[in-house]
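In: Pasted the sequence and its predicted model underneath.
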Amino acid sequence: MMTRVSPLDQTGTIHLYPDLGTDRGEEIWERSPRGELWLRNVTVPTLTPILPAPGTANGVAVVVAPGGAFRALSVENEGMAVARWFAERGIAAFVLKYRLEPTPVGSNEFEALVAEFEHLFAAGQASTSDLTVPAVAVRDGQAAICLLRERAAEWSIDAKRIGMIGFSAGAMTSVAVATSGPAETRPAFVVPIYPSMLSLEVPLDAPPMFLALASDDPLFGAQGYGLVQSWKAAGCAVEFHVFERGGHGFGMRQQNATTDLWPHLLQHWMHMRGWAPAPSVVA
């Protein structure tokens, strides 16, 4: 049962489109039975900066796009916790609240909507191939990349080293941002964590990609590896980790499974490419 909670302190958040105003309308903040923070009905997209401690920044930045089926955002597990992880390693992180599909105001009504969504998948009346990234989510991701490049000096960021990481729906959004639009709107690297694995058109200048997925993911684990193959067919760099177990939505959650190690593997990859410090040894 979701529990309604007060919004996080949003002091310091950056509005992607000042012309939209600041009225957040029916924006709803809730906690899940796990105690994880979720957000629904986002109509005013923002970036929340989580910056490295003074003297530790390395000039790299990353936009963090939480998941939630384009109807909610996993603000803590796939957002703020991820951003703090990057900041602790000298990388400036900016959590993206991108615009979502509207949902019922009441928590009970929303949970009924989610249950119906799950029933359609279980009954074979809907599939992951029916999931598409809303155009507004892609525009918000592109706007976030452009804003960071325009204001890079303000946060001591190298405008050529701004990446994007996303989870589930946020991963699909990140992939869409990395493969569409002009080069100036694309990230320097992209990190989709449990995205849709279907093939897509990848430009020849797509950025390097790090991808992690659990093979027992009930949504995307049985789709094959079309996304990886598309990246390779375009001649673009890709690192792919598929774990035996972990399910969907593991994010920064520790489950005593090998998916717990994905951030460590990501840091190794980023260090190899000069974007992160060397990781500590994991026993």
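Out: That came through fine. All of these numbers come straight from a predicted model, not from anything done at the bench.
In: C-alpha only now, for contacts and for neighbours.
Out: OK.
In: For residue 209, see how far away the residue nearest the centre of the chain is.
Out: Among the residues of the chain, the one closest to the centroid is residue 166, at 1.8 Å (C-alpha atoms, centre = their mean). Separation of residue 166 from residue 209 (C-alpha to C-alpha, to the nearest Å) stands at 12 Å.
In: so what sits against both of those two?
Out: Shared contacts of residue 166 and residue 209, defined by C-alpha atoms under 8 Å, 6 or more residues apart in numbering, comprise 191, 192.
In: ok, then the element right after the helix or strand of the chain with the lowest mean pLDDT?
Out: Of all helical and strand segments in the chain, the minimum by mean pLDDT, DSSP states H and E falls on helix 107-122, at a mean of 74. Once the chain leaves helix 107-122, the next helix or strand it forms, by DSSP states H and E, is helix 135-150.
In: tell me what that following helix is packed against?
Out: Counting contacts by 3 or more C-alpha pairs under 8 Å, 6 or more residues apart in numbering; DSSP states H and E, helix 135-150 packs against strand 162-167, helix 169-179.
In: could I get the ones you listed as CSV with distance to residue 270?
Out: Converted to CSV, the helices and strands packed on helix 135-150 look like this (distance: least, C-alpha to C-alpha, whole Å):
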stretch, distance to residue 270
strand 162-167, 11
helix 169-179, 17
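In: what's the closest of the ones you listed to residue 17?
Out: Residue 17 sits nearest to helix 169-179 of all those, at 17.5 Å, using C-alpha to C-alpha.
In: And the next helix or strand after the closest one, how far out from the chain middle?
Out: Remark: after helix 169-179, the chain's next helix or strand is strand 190-193, criterion DSSP H and E. Distance of strand 190-193 from the chain centroid (C-alpha atoms, centre = their mean, to the nearest Å) equals 7 Å.
In: Tell me which of the helices and strands packed on helix 135-150 lies nearest to residue 102.
Out: Of the helices and strands packed on helix 135-150, the one closest to residue 102 (C-alpha to C-alpha) turns out to be helix 169-179, at 15.1 Å.
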